[in-house]
Structures are given as structure tokens and as C-alpha cells.
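> A predicted structure for the sequence below; I have some questions about it.
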Amino acid sequence: MSRVTSPPQTLRPDLARSEGPGAPVPPPGPLLAAQQALAAKLLGVRLMDRFWGWVAPLVVTAIGGFLRFWHLERPPGLVFDETYYVKEAKSLLDVGYELVNDPDIKEPDKLWNTGNTDVFGTAADFVVHPPLGKWMIAFGEWLFGADDPFGWRFSVALCGTLSILMLARIARRLFRSTLLGTTAGLLLAIDGQHFVHSRTGILDLFVMFWALAAFGCLLIDRDVARARLADRVSGGASLLLFGPGLGIRWWRIAAGVSLGLCTGVKWSGLYFLVVFGLMTVAWDLSARRAVGVRHWLTGTFLRDGLTGFVAMVPAFFAAYLATWTGWFLSTDAYFRQWGAEHPSKVAGWVPDALRGLWHYHAEAYTFHVGLTSPHPYESNPWSWLILARPVDYWYEDKACAGKECAQTVLALGNPVIWWGATIAVAVLVVRWALGRDWRAGAILAGFVAGYLPWFQYQQRTIFSFYAVAFVPFVVLALTYVLGLMLGPPDAAPRRRLAGTLAAGSVVVLAALAFAWFYPIYAAPIISKNDWQDRMWLPSWI
């Protein structure tokens, strides 16, 4: 038998409550008692505070949404890589694929910033990221106009706001605590990386959004599958050989769709597919072993692994290919006619459009791995967690009241959150390796999928803002440790008070840090001295 997989007592299992004081509870029969015992073993604590489980996350989501949409039009023009994706989004709306800039227009960004979006030539452009993120930006442009910064930033602000609610609910389910779930949502709302990317029309926040959605779907699938397993085993299903089948697992299919959409923004979503797929199978393995399946390893492979592959991978590819619909429907998109122009005797059975798309992917991959152009804000992934080299998205000198002033947007994570999470990762590794805490392993899986792959591209030009893809797991890592700091519910009052003060102090410090750095996140006009006071490290300049 494996170790019981109920949540660690240090992670606030005290929030399970009865349906009401004095409510009569009939004595369970043998079958119901067996089901309840197995469900408790496989699922742990069941939260009953449903009202606050929604209201508290919605409150922090409202706060985070207000911050993100307030003065969303600032800066008033294109910043950093908006020069690519905002314009490509407009061309998707116009013709269904990306167009090159008109070569006769010398400074298309200046023209665009005046409200004139007629900057395109007639030729298709070779772009190296799939279309979905740009379609999502295009949605805001369709609603509010491509000539309005609010329009081209609307979708990132919306997804950034929704991800706060998603993370709060995910953390609540993960930790079995409304308090910790709400805390995780609040920390995401006041993180600088997440905040800046929720106000900048580029792609990386969409990678984070869909990866987080997939993680949430798999977390729900874990609970649903374990409840189903407990029901079938206690109901008399045979444990001989491999254990019972669990039927169609719709949340796994939803996760596959989410990961296909994630990869439809950037190819780095592929890593989340691999890591999250292994993670969910590992959860199934633990469950079958816990209920006493004789051949739990083989049973997991046959009953869960193969069915999981069939559920997730086709859904993944279907969703990914769907993001290329505009390219398929066009006739003049880049490489759209390559398959017809290059017939193949070996792969002639493959439709021309799919062969052309495959060739497009091969060419884009060659570009990605060969990108070594020096950039003043490039950074090694070793430095990302400690915020050694943030990216300055926009900076402009200003004159105000007879003194030197500036406006800036710096993609800098909240130091309290990121530096705290750097320490928390070490705690997670110990808790997972020695304590076999599946929650620690789940959070680490987010780091493995979103962070570790970048270490294989040491020679490539890469930037710290790629880290926004795994910022929810940075927050979850810190929240996990805050749960440990709070202590178990049955601890001595002095211990609980000390834990509450310590954990609460971290959250307060994070909020104060966000308020301090807000002027370099959201581009209000500040004095040069105020700007300099916020440059804590020389490498931030």
C-alpha cells in the first residue's frame, strides 16, 4: 500500500465543515461507510465553505481586474514586441493571415501610433509563432478598434484578470483551503510580471493562461477520477489484476484542448503537454496502488495511461490545428501553396495543405534554434528567479514642473514573491522527495514544464519575460510555504499566532512592494529620482 495521499496537516485541512450545526446525520450503512472511507483516503478533506470559496476569490479578482484595466491605454503607443503581434493581429482580421509591412512606409510604428492602421503591403509574412495569441489580441481589436491601445491590450487584460480567479480556485482545490486559495489569487494579482503582461499586447500571458487552464482541468480530473475509483471499488468492483476502468474522463479531454491552444500561442506549450501528461498518470498510479490493486503499475498503464493518451493527445492536435484555420482557408498565406508546388512520392498521400504546414513548422523551428542576435535585455535562465535582468518594455524622458521626469514599463516580478519563491522551491523539492507530498510535486511540474526547457537553449537569445508562463507556479510555491508557516489547526495558540503573523507579514510586504513598484509597471509620469529609487540593482537599468 502506498502512503495515504490526503493533504498534509500543515496545509490547513481545518476548513472542512459539517453542512450545519445540529443537522441530523443518519448512520451510514456498510457500503456507504466503505465509500466514505475510500473517498477520504483518496481525496482528503472536502471543503464545505462554498460561499466564501467563490466570494473571496471573486473579490481579489475584482481588485486585480481594476488594476489591470485602469489606464490600460497607457503607454499610448506600441511598446516592445507589440510592434509585431498587434499589427499581425490586425492583418489576421483583414485577410486571415499575417502580412508584411508596406516597404514604402519607413516608420510604420509612428503611423500606427497616430491611429492609421493601413501599414500593410500585399505579401504574406513569415512569422515564427502560431496564430492563436494574435487571434486573441485581434478579438479586442475587433471590439474596440485596432487604432486604440485599449483595444489591442483588452484580451491580455481580460485573460490576466480571469487567471487570478482561476489560480485562486485551483489553489483552493490543491491545498483544500479557501484562505490559501484566496491568498494565491491575491499574490498573482500583485505580481509585477503578471501585471505588466496583463497590460501589454504580446503573447506570453496567453501561454500562461492556457497552461494554467490545463493544470486546473487535470486537478479536477484527479478528484473526479479518485471519487469514481472509490465508488467502484467500495461498490464491489474487482481489484484482481488491474482494477476497474474509470470511463471517459472529460476533464482530461478539456486539458488536451487547453494544451493544444497553449501550443497554438507558442510552441513552448508542448513541454506542458509532456510534463502534465506524466503528472496525471502518476496521480492515477498512486490512486490504484492506494486502493490495493494487485498489478497497480500495469493497471495504471492499461486503464489510465493508454486512455489518457487517447483522450489528451488527439484533443491536443485537433485544438492546435484549429488555431491555423485562417491559414488553411487562405490561398496566399506564407507557404500555403508549398505542398502543391512540391509534390512528394513518399508522402503524396498527405494533403498538400498539411505538408505545407509541416514545412512551415520546420522552417520556423530552424529560426528559433538559430536565434542568436545580441540584445541588451537578454538574460540566462539561471537569473530569472532572482530577477537579475528584467526587460524594459518602454521608457521615455519627460519634463514636468521644471524637473526631469520619466515614464517606463519594466517587466519586473514582485521581489517579495519571486525571491520568496526561490527559497520555496527548495522546500518543495524536500517535501516531494522525502515527504512524498503530491502537492509539492504538482507545483514543481509547472516549473519543470515552464522553466527547465529554457536551459537547453543557452546559446539562444532569450529573455526573462518568458518566465510569465510559469508565474502561477511561482505563486503556488510561495503559497505552499505560507501554509506551512500557518501551522496545523491543532497547534498551540501561540504557535498559530506566530504562524499567522509570519505568513501575513509576507503577504503585506508583497502588497507594499507592488505599490512601491507600480510607477515603473504602469507608466505614470514620475521624477527621475523616484525612478532611480526603484532601481534596486544595477542590472535593472
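Here it is on my side, so go on. Because the structure is a prediction, the values reported are computed rather than measured.
> Verify the stated contact: Asp392 with Val409.
Yes. Under the contact definition of C-beta atoms under 8 Å, Asp392 touches Val409, with a separation of 7.4 Å. C-beta here means a position set from N, CA and C on the backbone, and glycine is covered the same way.
> Looking at these two now, which is surrounded by more residues?
Comparing Asp392 with Val409 by other C-beta atoms under 10 Å, the one with more neighbours is Val409, at 22 against 17.
> roughly how far apart are that one and Gln193?
Using C-beta to C-beta, to the nearest Å, one gets 12 Å for the distance from Val409 to Gln193.
> now Asn101
For Asn101 relative to Gln193 (C-beta to C-beta), the value is 29 Å.
> quick one, which of the two is more surrounded?
Remark: of Asn101 and Gln193, Gln193 carries more neighbours, 29 against 20, as counted by other C-beta under 10 Å.
> three-state assignment of the more buried one?
helix (DSSP: H, G, I helix; E, B strand; the rest coil).
> what's the closest non-adjacent residue to it?
Nearest-residue entry for Gln193: Gly413, 4.3 Å, with adjacent residues in sequence omitted and distances by C-beta to C-beta, 6 or more residues apart in numbering.
> hang on, isn't that neighbour packed against Phe195?
No. Using C-beta under 8 Å, Gly413 makes no contact with Phe195, being 9.4 Å away.
> okay, these two: which has more neighbours?
Between Gly413 and Phe195, Gly413 has the larger neighbour count (other C-beta under 10 Å), namely 28 against 25.
> so what's the residue lying closest to Ala189 once chain neighbours are set aside up against?
Of all residues beyond its chain neighbours, the one nearest Ala189 is Gly64 (3.1 Å), with distances taken as C-beta to C-beta, 6+ apart. Residues near Gly64 by C-beta atoms under 8 Å, 6 or more residues apart in numbering: Gly160, Thr161, Ile164, Gly185, Leu186, Leu188, Ala189, Ile190.
> I'd say the third one and Gly185 touch.
If I follow you right, that is Ile164. Yes. In this structure, Ile164 is within contact of Gly185 by C-beta under 8 Å, at 5.0 Å.
> Quick check: neighbours shared by the two?
In contact with both Ile164 and Gly185: Pro57, Val60, Thr61, Gly64, using C-beta under 8 Å, 6+ apart.
> Take those and lay them out in JSON lines including secondary structure, pLDDT and distance to Lys134.
Below are the shared contacts of Ile164 and Gly185 laid out as JSON lines (DSSP: H, G, I helix; E, B strand; the rest coil; pLDDT from 0 to 100; distance: C-beta to C-beta, whole Å):
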{"residue": "Pro57", "secondary structure": "helix", "pLDDT": "97", "distance to Lys134": "30"}
{"residue": "Val60", "secondary structure": "helix", "pLDDT": "98", "distance to Lys134": "30"}
{"residue": "Thr61", "secondary structure": "helix", "pLDDT": "98", "distance to Lys134": "26"}
{"residue": "Gly64", "secondary structure": "helix", "pLDDT": "98", "distance to Lys134": "24"}
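> Apply the buried test to those and list what passes.
Pro57, Val60, Thr61, Gly64 (16 or more other C-beta atoms under 10 Å).
> Next, work out how far apart the residue nearest to Ala189 and Leu501 are.
25 Å.
> residues near the nearest residue to Ala146 once chain neighbours are set aside, how many?
Leaving out its chain neighbours, the residue that sits closest to Ala146 by C-beta to C-beta, 6+ apart is Lys90, at 4.4 Å. By other C-beta under 10 Å, 27 other residues sit near Lys90.
> Where does Lys90 fall, secondary structure wise?
Using DSSP states H and E, Lys90 falls within helix 82-95.
> what sits up against that helix?
Residues outside helix 82-95 that contact it (C-beta under 8 Å, 6+ apart) are 78, 97-99, 101, 108-109, 112, 117, 119-120, 125, 127, 131, 133-135, 137-138, 141-142, 146, 152, 200-203, 326, 330, 332.
> what distance separates the start and the end of stretch 123-132?
21 Å (C-alpha to C-alpha, to the nearest Å).
> Find the nearest non-adjacent residue to the residue nearest in space to the middle of the chain, please.
Note on the chain: the residue nearest the mean C-alpha position is Met208, at 2.8 Å, using C-alpha atoms, centre = their mean. Excluding the flanking residues, the one nearest Met208 by C-beta to C-beta, 6+ apart is Ala469, at 4.9 Å.
> Go ahead and confirm that neighbour touches Val207.
Yes. Ala469 is within contact range of Val207, at 4.6 Å (criterion: C-beta under 8 Å).
> When the two are compared, which one has more neighbours?
Using other C-beta under 10 Å, the more surrounded residue of Ala469 and Val207 is Ala469, with 32 against 28.
> contacting residues for that one?
Asp204, Val207, Met208, Ala211, Ser268, Gly450.
> and it, how far is that from Leu385?
Distance from Ala469 to Leu385, by C-beta to C-beta: 13 Å.
> Would you mind giving the secondary structure of Arg336?
Arg336 ends up coil, using three-state DSSP.
> That one and Tyr365, how far apart?
18 Å.
> try Gly201
25 Å.
> ok, the two, which is more surrounded?
Between Gly201 and Tyr365, counting by other C-beta under 10 Å, Gly201 is the more crowded of the two (31 against 12).
> Give the phi and psi angles for that one, as a check.
Dihedral pair for Gly201: phi -80, psi 60, per degrees, to the nearest 10.
> Give me the pLDDT value at the nearest residue to Thr61 once chain neighbours are set aside.
Distances taken as C-beta to C-beta, 6+ apart put Leu165 closest to Thr61, at 4.2 Å, once the chain neighbours are dropped. Leu165 carries a pLDDT score of 98 in this model.
> Repeat that for Val350.
Per-residue pLDDT puts Val350 at 88.
> Over to Val196?
98.
> same deal with Tyr393?
96.
> repeat for Gly487
88.
> For Phe473, see how far away it is.
Distance of Gly487 to Phe473, given as C-beta to C-beta: 24 Å.
> Between these two, tell me which one has more neighbours.
Between Gly487 and Phe473, Phe473 has the larger neighbour count (other C-beta under 10 Å), namely 27 against 20.
> check contacts around the more buried one.
Ile443, Gly446, Phe447, Gly450.
> Those residues into CSV, with extra columns for neighbour count?
Below are the contacts of Phe473 laid out as CSV (neighbours: other C-beta atoms under 10 Å):
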residue, neighbour count
Ile443, 30
Gly446, 24
Phe447, 20
Gly450, 26
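> do you know how far Ala333 is from Asn529?
51 Å.
> And for Ile423?
Per C-beta to C-beta, Ile423 is found 32 Å from Asn529.
> Same check on Thr325?
52 Å.
> More neighbours: these two, which one.
Thr325 (13 against 10).
> In terms of pLDDT, where does that one sit?
At Thr325, pLDDT is 97.
> Ramachandran angles for it?
Residue torsions, per degrees, to the nearest 10, at Thr325 are phi -60, psi -40.
> Arg176 contacts Met48, correct?
No. Arg176 is not in contact with Met48 according to C-beta under 8 Å; the separation is 10.9 Å.
> More neighbours: those two, which one.
Arg176 (25 against 13).
> phi, psi of the more buried one?
According to degrees, to the nearest 10, Arg176 has phi 60, psi 50.
> go on, Ala411?
Taking degrees, to the nearest 10 as the convention, Ala411 sits at phi -80, psi 80.
> just Tyr393 next, same as before
Torsion angles, degrees, to the nearest 10, at Tyr393: phi -80, psi -30.
> One more: Arg303?
Taking degrees, to the nearest 10 as the convention, Arg303 sits at phi -80, psi -30.
> what's around it, how many residues?
Arg303: 20 surrounding residues under other C-beta under 10 Å.
> I figured it hits Gly247, correct?
No. At 10.3 Å, Arg303 does not count as touching Gly247 under the criterion of C-beta under 8 Å.
> Next secondary structure after the longest helix along the chain?
Assignment by DSSP state H gives helix 204-234 as the longest helix of the chain. Remark: after helix 204-234, the chain's next helix or strand is helix 250-263, criterion DSSP H and E.
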